[in-house]
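Undergrad: the following block contains a protein sequence and its predicted model.
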Amino acid sequence: MEADFVIIGAGSAGCALAYRLSEAGHSVLVVEYGGTDFGPFIQMPGALSFPMNMARYDWGYQTEPEANLNNRRLACPRGKVIGGSSSINGMVYVRGHARDFDRWSEMGADGWGYADVLPYFRRMENWHGQETEGEGDPALRGKDGPLHISRGARQNPLTRAFVRAGQQAGYLFTQDYNGRQQEGFGAFEATIWKGQRWSAANAYLKPALKRQNCDLVRGLAERIVIEDGRATGVMVKGKGKITARREVIIAASAINSPKLLMLSGIGPAKHLAEQGIDLVADRPGVGQNLQDHLEMYIQMSATQPVSLYKYWNLFGKAWVGAQWMLTRSGPGASNQFESCGFIRSRAGIEYPDIQFHFLPIAVRYDGTVTTRGHGFQAHVGPMRSKSRGAVTLRSSDPADDPRIDFNYMSHAEDWEDFRACIRLTREIFAQEAFAPYRGEEIQPGASAQTDAELDDAIREHAESAYHPCGTCRMGRADDPMAVVDPETRVIGVDGLRLADSSIFPQITNGNLNGPSIMAGEKAADHILGKIPLLPVNDTPWIHPDWENSQR
């Protein structure tokens with residue numbers, strides 16, 4: 001088998017690449033280990049806790065014991081299905097803050113500043129905000145892209161109370177956190193359309209596969225074939241070599257992309273030698289710079305039966321599922337993350353470094369309720385931790401899982417920031433808007449008050465938000481820790497590109513599906529040799545007194 005371009009990974013960025021490269025008339029083969037996304041567990045938004053806990057759809061990765069979190073091994077779900085993690089995630093859509101991308105540019109990702117990436121966000125979006133109701137910044141949003149973005153109905157009184165409570169606590173209201181003003185409380189946006197998950201597979205891959213020049217190949221990519229310093233294809237288990245006439249493009253996730261590079265001889269020379277792998281290119285940054293968002297669920301019991309707990313039984317779930325199957329409506333048509341907040345942890349922080357996901361039920365990502373009764377919760381955590389970890393090989397066997405060590409909470413500021421997250425959330429839940437519903441605090445519990453008590457709660461209860469990135473970071477070619485250059489070329493090997501969340505120099509504010517798709521969109525233009533879309537110079541809203549005021 002051969003094609004002009006071989007893409008490894010049918011995830012968020014890989015699907016966008018397949019669509020754009022085939023749209024340009026080139027032949028494309030997409031190599032994906034996972035299978036179909038058919039069925040309600042993926043397509044029904046309300047069933048989001050199922051696919052990320054099913055071996056059929058998830059690689060099932062776990063971290064190494066995290067020393068600062070009581071040596072717990074945390075789940076690190078990655079999509080093993082067409083659409084990748086966009087088919088198993090929470091469907092929350094966040095671009096990131098403008099300053100995130102400006103920081104990328106400062107770190108050596110030339111041409112990836114906010115003005116440069118904004119046109120690609122607009123190109124990919126099919127935004128369904130209601131301009132007539134004053135929603136959003138329409139001039140900054142895309143209206144005819146492949147990726148449908150919508151807002152939930154926000155009918156649950158707890159969901160509305162969260163936004164009011166944020167304002168009562170002195171924070172701003174934001175019409176569109178993906179527009180000019182991220183800071184504040186408002187409505188969440190989601191990759192949901194007409195009651196269905198709108199994954200990268202639905203948005204990009206399936207339309208691309210309808211073209212005669214794009215095909216999907218199922219199998220495990222074992223290594224990149226490199227001949228005389230040039231990538232010429234990929235070895236796929238059971239299928240042999242798949243040849244790329246022009247380029248090989250890796251888009252296999254922040255976990256599997258560095259793994260595949262190292263299996264192919266591209267990475268830290270000493271580590272590869274320890275695994276018995278012949279060195280092709282000594283790139284010490286491969287697998288390093290691993291980042292994530294860590295969060296806690298601040299959970300409250302509810303004094304009125306207004307939460308989603310009424311559906312948390314066999315009959316309730318059957319009713320929700322049946323309604324969705326028949327009408328694509330009801331609770332199953334929403335991810336239930338319908339309200340959010342972005343705030344700054346303290347004065348002197350220029351732009352938000354805390355994100356809230358509000359959920360009108362007290363439940364874990366695996367679907368386990370933490371109390372028998374009605375409740376609600378806010379997922380909260382710092383957005384820009386200084387902790388860094390690594391992905392390394394366990395062996396030279398492609399079937400072995402890599403070692404994943406995020407090194408969570410290894411920086412002193414992480415503890416200060418996380419304590420602020422908890423205390424600020426408690427302040428919001430204490431506002432008048434929650435008075436009709438507010439019961440006792442379930443987690444971390446009213447007994448956790450001092451710094452030491454909060455630190456113990458963090459060690460025991462902090463969880464990943466499932467946003468790994470940074471392990472093949474982008475930078476200038478003369479940067480020894482950079483893995484790809486600003487045109488997404490793997491440094492030291494010709495004919496090889498990489499585009500997914502692994503290339504992020506620094507994690508962005510919020511959920512990473514949106515920026516990952518953007519990376520695929522922009523990389524496609526670099527691969528095609530196109531002149532990048534014209535920059536859009538827009539000044540983001542920054543609190544006028546950010547140096548002296550926290551809100």
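TA: Arrived safely.
Undergrad: tell me the contacts of the closest residue to Gly265 other than its chain neighbours?
TA: What sits nearest to Gly265 in space, not counting adjacent residues and going by C-beta to C-beta, 6 or more residues apart in numbering, is Val280, at 3.4 Å. The C-beta positions use only the backbone N, C-alpha and C, and glycine is treated the same way. Counting by C-beta atoms under 8 Å, 6 or more residues apart in numbering, Val280 touches 226, 229, 264-266, 492-493.
Undergrad: let's go with 10 Å and repeat that
TA: 224, 226, 229, 231, 261, 264-267, 272, 492-493, 496 (C-beta atoms under 10 Å, 6 or more residues apart in numbering).
Undergrad: these in helices, which ones?
TA: Residues of those located in helices (DSSP state H): 261, 272.
Undergrad: among the contacts of Val280, the buried ones, what's the PyMOL command?
TA: The following PyMOL line selects those of the contacts of Val280 that are buried, judged by 16 or more other C-beta atoms under 10 Å:
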select buried, resi 224+226+231+261+264+265+266+267+272+493+496
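Undergrad: TSV for the contacts of Val280, including distance to His379 and pLDDT?
TA: Formatted as TSV, the contacts of Val280 follow (distance: C-beta to C-beta, whole Å; pLDDT from 0 to 100):
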residue	distance to His379	pLDDT
Ile224	37	98
Ile226	42	98
Gly229	46	97
Ala231	40	98
Leu261	32	98
Ser264	37	98
Gly265	40	98
Ile266	36	98
Gly267	34	98
Leu272	38	98
Gly492	40	97
Val493	39	98
Leu496	37	98
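Undergrad: which one of the contacts of Val280 is nearest Thr425?
TA: Nearest to Thr425 among the contacts of Val280 is Leu261, at 39.1 Å by C-beta to C-beta.
Undergrad: tell me the contacts of the spatially closest residue to Pro146 that is not a sequence neighbour?
TA: Among residues not flanking Pro146 along the chain, Ala203 sits closest, at 4.2 Å (C-beta to C-beta, 6+ apart). Contacts here follow C-beta under 10 Å, 6+ apart; on that basis Ala203 touches 12, 15-16, 19, 83, 86, 124, 126, 145-148, 191, 193, 517.
Undergrad: ok, now Gly316?
TA: Shown in contact with Gly316 (C-beta under 10 Å, 6+ apart): 308-310, 331.
Undergrad: how far does whichever strand or helix holds Leu326 sit from the chain's center?
TA: Using DSSP states H and E, the element containing Leu326 is helix 314-327. Remark: helix 314-327 is offset 28 Å from the chain centroid, using C-alpha atoms, centre = their mean, to the nearest Å.
Undergrad: now do it, average pLDDT.
TA: What helix 314-327 shows for mean pLDDT is 95.
Undergrad: listing partners with orientation, what would you give for the helix or strand following that helix?
TA: Sequence order places strand 339-343 as the next helix or strand after helix 314-327, per DSSP H and E. If you go by DSSP bridges, strand 339-343 pairs up with strand 184-187 (antiparallel), strand 354-359 (antiparallel).
Undergrad: turn these into TSV, columns for distance to Tyr466 and mean neighbour count.
TA: Shown next, in TSV, are the strands paired with strand 339-343 (distance: least, C-beta to C-beta, whole Å; neighbours: other C-beta atoms under 10 Å):
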stretch	distance to Tyr466	mean neighbour count
strand 184-187	22	24
strand 354-359	12	25
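Undergrad: could you dump the ones you listed into TSV with distance to Glu441 and mean pLDDT added?
TA: Below are these laid out as TSV (distance: least, C-beta to C-beta, whole Å; pLDDT from 0 to 100):
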stretch	distance to Glu441	mean pLDDT
strand 184-187	20	97
strand 354-359	15	98
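Undergrad: before we move on, back to that, show me the contacts of Ala203 that map onto helices.
TA: Secondary structure from DSSP H places 12, 15-16, 19, 124, 517 of the contacts of Ala203 in helices.
Undergrad: out of the residues you listed, who's nearest Gln291?
TA: Closest to Gln291 out of these is Ser12 (16.8 Å), distances taken as C-beta to C-beta.
Undergrad: count of residues packed around the closest residue in space to the closest one that isn't next to it in sequence?
TA: Distances taken as C-beta to C-beta, 6+ apart place Ser516 nearest to Ser12, at 4.0 Å, with adjacent residues excluded. Here the number of neighbours of Ser516 (other C-beta atoms under 10 Å) works out to 31.
Undergrad: try Arg73
TA: Neighbour count for Arg73, taken as other C-beta under 10 Å: 12.
Undergrad: from Arg403, how far out is the closest residue to it other than its chain neighbours?
TA: Nearest non-adjacent residue to Arg73, counting by C-beta to C-beta, 6+ apart: Gln62, 4.6 Å away. Distance, Gln62 to Arg403, using C-beta to C-beta, to the nearest Å: 10 Å.
Undergrad: got a list of what Val225 touches?
TA: 231-235, 241-244, 248, 264.
Undergrad: likewise Val286?
TA: Taking C-beta under 10 Å, 6+ apart, one finds 257-262, 266-268, 271-272, 390-392, 471-473, 481, 483, 490, 498, 502 in contact with Val286.
Undergrad: quick one: secondary structure of it?
TA: Recorded secondary structure, Val286: coil (DSSP: H, G, I helix; E, B strand; the rest coil).
Undergrad: just Asn68 next, same as before
TA: Classification of Asn68 using three-state DSSP returns coil.
Undergrad: and the residue nearest to Ser12, how far from Glu23?
TA: According to C-beta to C-beta, Ser516 stands 19 Å off from Glu23.
Undergrad: same deal with Glu189?
TA: According to C-beta to C-beta, Glu189 and Glu23 sit 25 Å apart.
Undergrad: dump stretch 267-282 to PDB, keeping only the CA atoms.
TA: Extracted C-alpha coordinates of stretch 267-282, given in PDB (Å, rounded to 0.1, in the frame of the first residue of the first chain):
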ATOM      1  CA  GLY A 267      14.700  10.600  20.800                       C
ATOM      2  CA  PRO A 268      17.200  10.900  23.700                       C
ATOM      3  CA  ALA A 269      20.300   8.900  22.600                       C
ATOM      4  CA  LYS A 270      21.000   7.400  26.100                       C
ATOM      5  CA  HIS A 271      17.400   6.200  26.600                       C
ATOM      6  CA  LEU A 272      17.200   4.600  23.100                       C
ATOM      7  CA  ALA A 273      20.500   2.900  23.700                       C
ATOM      8  CA  GLU A 274      19.200   1.500  27.000                       C
ATOM      9  CA  GLN A 275      16.300   0.000  25.000                       C
ATOM     10  CA  GLY A 276      18.600  -1.400  22.300                       C
ATOM     11  CA  ILE A 277      17.200   0.900  19.600                       C
ATOM     12  CA  ASP A 278      19.500   2.100  16.900                       C
ATOM     13  CA  LEU A 279      19.800   5.900  16.900                       C
ATOM     14  CA  VAL A 280      18.500   7.800  13.900                       C
ATOM     15  CA  ALA A 281      18.300  11.300  15.400                       C
ATOM     16  CA  ASP A 282      19.300  12.400  18.900                       C
END
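Undergrad: just how off-centre is it within its chain?
TA: Per C-alpha atoms, centre = their mean, the displacement of stretch 267-282 from the mean C-alpha position of its chain is 29 Å.
Undergrad: for stretch 111-124, same thing?
TA: Centroid separation between stretch 111-124 and its chain, computed with C-alpha atoms, centre = their mean, is 17 Å.
Undergrad: noted, bye for now.
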